[in-house]
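**Student:** next input, structure requested:
(2 chains)
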Amino acid sequence: MSRKALWAWLLIGGPLAVFSAWALVDNTRLYLVTLLNSLTLASLYFIVASGFTLVFGLMRNVNLAHGSLYLLGGYIGFTIAEKTGWWLIAVAGGFLAAAVAGLLIQVLLLRHMQGQELRQTMVTIGLSIVIADILLWIFTGQVHQMEAPEWLQGPIRDIPVIRAYSAYRLSLLGFGIAIGVFLWWLLNRTKVGAMIRAGVDDRAMLSAAGVNVNLVFAVTFMLGAGLAGFGGVIGAVELSMVPGEDTRLLLASLIVVIVGGMGSVVGAAIGAVILGLAETYGLAYAPTYSVVFTFVILILVLAFRPRGIMGRST
Amino acid sequence: MSAARWRRAMSPGATLPAAAAPRPAPAARMPLPAAAPDPYADSGAPRWLKFLWRHLSARHVVVAAFLLVFPFVATPFITFQIAGQALALGLIALSLTFLGGYGGMISLAQLTIGGIAGYAVSILGTSATELSLGWPWWVVIPFALVIATACAALIGWLSVRTEGIYTIMITLAFGVAFYYLALQNYTIFNGFQGFQKVYPPTVLGVDWRSPVPFYFLALACALAGYCFVKWLVRAPFGVALQGIRDNPRRMEALGFHVVAHRVAAYAVAGLMAAVGGILLVWYNGLITPNSVNTGWLINILVIAVLGGMRHPIGAFIGAVVFVLLQTFAIDLIDRERFNLLIGGVFLAIVLFSPDGLLGLWAKLRSRFGPDQVTTSPLRRQA
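**Tutor:** Next up, the predicted model:
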């Protein structure tokens, strides 16, 4: 095992180390800026995908409307920011709107077909078509770009080597870490978290222990959807909002949870970092083939760890 | 009991002597009534005639006659835009029906397979773009089919490593990844522009893109695919596949190689999707990344579910309904809101009739019509 692991690390890490050494010597600034870009992108992916993986882990429900909830949160946040001018209210509004939408989906539709995973997934597919089209109807196909709040506008200057970097972009990293810590605290230190973890392991037993499983499901779905909406608002500043972004974030969430392991928040973090690195470095160093790197990672993980890096057999 | 009698007893056709019995299975164990209404049973008639007699019924003849006469009655617009497109889309949806209905694997990458075949035809064959290699069609088409089938087997091999609900996610990821690859890559896939003017070759002096020839080309492919699926699901491979769908562990214990069967199912479905994809490229005359975007991946699922996944004909019924909705949405509701319409219809079907229009038909029939079994008992507990 240890020998095999060593070989795996050498085979994967060796070329990466060689590439990093070459890139550092060749153009240090580009390399470091790309590193920051990929980490900030990764934290956005983590925020969105952690909601996806939470819902999946507890309910075995692949919510393919997750990307639409991301876009919904983004548009609602954009509208609120236009009307009030308060960025923080916009973030809260985006979170709440997506959470309420998620709650409605869970209570009105998915609850009635518990256990029929395929049917639930198809319902979310249908919802994603409908939501995407309604959003296109209301907000048209134009590109919407949100303003960063004043205190995060402009670049941070005088960083060694990198020189200047967008303050907002850097704050994404903070958001990602904050959400990660919050989720860790929620899952490991609170009663709701204990229920969710128990539900991930054995739903029937949790129900038998006297917990209202439907309530736990509803709360988790709300939280997962809300995280998508939250990601939508903070992503709306950095990435633009336009129909099609929902698919992009859905794909990112899918890859993150496939690579990281479904149902695991830590796995989502690992997967998000890997995807962020692969995508950004791919775009910076080999633009026409950047998707291929993501694809290769996906294939490698599926070939050697079919359940993802942190995945457990169920 | 002879093998021929066994086969006859198992086939739930209209010619079955035990049609009045609710299930044919017990009849197989009992000796059949002596006066079986099969005049060719013991005569020296050729085998294909016997086969036709057993498997054809009046409705088959009616449908076949309709399909043959149809293009000469309908306008070229309907023949080409509706029937031609529906047959090509139906063939791709049929590959999904085969995978999903008989293999229990819902793959969203079937259109991607078709897209790969379409791109292969465009890249290797002729188009308006300089990237095309311009090989002759009789080299291009086998190549495209082989490439697409190999890709399907690869996707299948990776997807079946995980199972159930994971399949849908992984195949969706593959499909969207291929879309982005085609979008971003300019050296092979020509990026956003894709390939224009990809037309079928003129063979035997016939322009295969004019409505009636294209219709018959698509019809022949679709019919071949339909009969192939009908035959395959009764062949040992298909029966084993259905066993694997229902209980993979038991089949494994019986000595079947579960993964190999599943990958083979992906490859077979991939071949059908590839044929459909080539037809679709010829129909559109072009292929761009938007031909393989998420919307279209999902549309194939919509078509298959709309028609019903219990029977191969569902794919074509779904395709006809889908194309009709797409074409005439402009009259029902704003053209721009087609996605809302199709999404709503899809939601309604999934919520109220999970077996699609075929399931709806079966329900209506059992309520109002004579007491008959519309779906084969072999597949009822899917």
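
**Student:** name the nearest residue to the residue in chain A that chain B sits nearest to, sequence neighbours excluded.
**Tutor:** Nearest to chain B, among the residues of chain A, is residue A:129, at 3.3 Å (CB to the nearest CB). No exception for glycine: its C-beta is placed from N, CA and C like everyone else's. In space, residue A:129 comes closest to residue B:343 once its chain neighbours are excluded; the distance is 3.3 Å by CB to CB, 6 or more residues apart in numbering or on different chains.

**Student:** I'd guessed that neighbour sits against residue A:126; true?
**Tutor:** Yes - using CB atoms under 8 Å, residue B:343 is in contact with residue A:126, at 5.4 Å.

**Student:** compare those two (neighbour count), which wins?
**Tutor:** Using other CB atoms under 10 Å in any protein chain shown, the more surrounded residue of residue B:343 and residue A:126 is residue A:126, with 27 against 23.

**Student:** who's in contact with the most centrally placed residue in chain B?
**Tutor:** Geometric centre of chain B, nearest residue: residue B:94, 1.2 Å, by CA atoms, centre = their mean. Contacts for residue B:94 were tallied using CB atoms under 8 Å, 6 or more residues apart in numbering or on different chains; they are B:222, B:225-226, B:229, B:272, B:276, B:312, B:315-316.

**Student:** mind redoing it with 6 Å?
**Tutor:** By CB atoms under 6 Å, 6 or more residues apart in numbering or on different chains, the residues touching residue B:94 are B:225, B:312, B:315.

**Student:** could you look up the SS state of the last one?
**Tutor:** Residue B:315 carries the three-state label helix when classified by DSSP: H, G, I helix; E, B strand; the rest coil.

**Student:** by mean pLDDT, flag the weakest helix or strand of chain A.
**Tutor:** Least confident helix or strand, chain A: strand A:155-159 with a mean of 71, by mean pLDDT, DSSP states H and E.

**Student:** how about the residues of the stretch 201-350 of chain B by chain A?
**Tutor:** Contact residues (CB under 6 Å from any CB of the partner chain) of the stretch 201-350 of chain B with chain A: B:294, B:298, B:339-340, B:343, B:346-347, B:350.

**Student:** tally of neighbours for residue A:177?
**Tutor:** Residue neighbour count, defined by other CB under 10 Å, stands at 13 for residue A:177.

**Student:** cool, and residue B:66?
**Tutor:** Number of residues near residue B:66 (other CB under 10 Å) recorded here: 10.

**Student:** follow-up on the earlier one: wait, the residue of chain A closest to chain B touches residue B:341, no?
**Tutor:** No - judged on CB atoms under 6 Å, residue A:129 makes no contact with residue B:341 at a distance of 9.8 Å.

**Student:** how close does the spatially closest residue to residue B:90 that is not a sequence neighbour sit to chain A?
**Tutor:** Spatial nearest neighbour of residue B:90, excluding adjacent residues (CB to CB, 6+ apart): residue B:319 at 3.5 Å. Taking CB to the nearest CB, to the nearest Å as the measure, residue B:319 falls 17 Å from chain A.

**Student:** name the helices or strands packed onto the helix or strand that residue B:319 is a member of?
**Tutor:** Here residue B:319, judged by DSSP states H and E, is contained in helix B:313-332. Where contact means 3 or more CB pairs under 6 Å, 6 or more residues apart in numbering or on different chains; DSSP states H and E, helix B:313-332 is packed against helix B:85-97, helix B:294-307, helix B:338-352, helix B:356-368.

**Student:** for chain A, which helix is longest?
**Tutor:** Identified as the longest helix of chain A according to DSSP state H is helix A:28-59.

**Student:** who are the packing partners of that helix?
**Tutor:** If contacts are counted by 3+ CB pairs under 6 Å, 6+ apart, helix A:28-59 sits against helix A:167-189, helix A:191-201, helix A:213-238, helix A:245-260, helix A:265-285.

**Student:** pLDDT score for the closest residue to chain A within chain B?
**Tutor:** Here chain B gets closest to chain A at one residue, residue B:343, 3.3 Å apart by CB to the nearest CB. For residue B:343, the model assigns a pLDDT of 83.

**Student:** list the contacts of it.
**Tutor:** A:126, A:129-130.

**Student:** now, among the residues you listed, which is nearest to residue B:176?
**Tutor:** Using CB to CB, residue A:129 is the member of the contacts of residue B:343 that lies nearest residue B:176, at 15.0 Å.

**Student:** got a list of contacts for the host helix or strand of that closest one?
**Tutor:** Following DSSP H and E, one finds residue A:129 within helix A:117-139. The contact list for helix A:117-139, computed with CB under 6 Å, 6+ apart, reads A:60-65, A:68, A:71, A:75, A:109-110, A:113, A:243, A:246, B:165, B:168, B:298, B:339-340, B:343, B:346-347, B:350, B:354.

**Student:** now swap in stretch A:189-199 and tell me
**Tutor:** Contacts for stretch A:189-199 (CB under 6 Å, 6+ apart): A:58, A:186-187, A:206, A:211, A:216, A:220.

**Student:** make it 7 Å
**Tutor:** A:58, A:186-187, A:206, A:211, A:213, A:216, A:219-220 (CB atoms under 7 Å, 6 or more residues apart in numbering or on different chains).

**Student:** identify each buried residue in it, please.
**Tutor:** Within stretch A:189-199, the residues that count as buried by 16 or more other CB atoms under 10 Å in any protein chain shown are A:195-196, A:198-199.

**Student:** which of the residues in the lengthiest helix in chain B are buried?
**Tutor:** For chain B, the longest helix by residue count, based on DSSP H, is helix B:258-284. Buried residues in helix B:258-284, counted by 16+ other CB under 10 Å: B:258, B:261-283.
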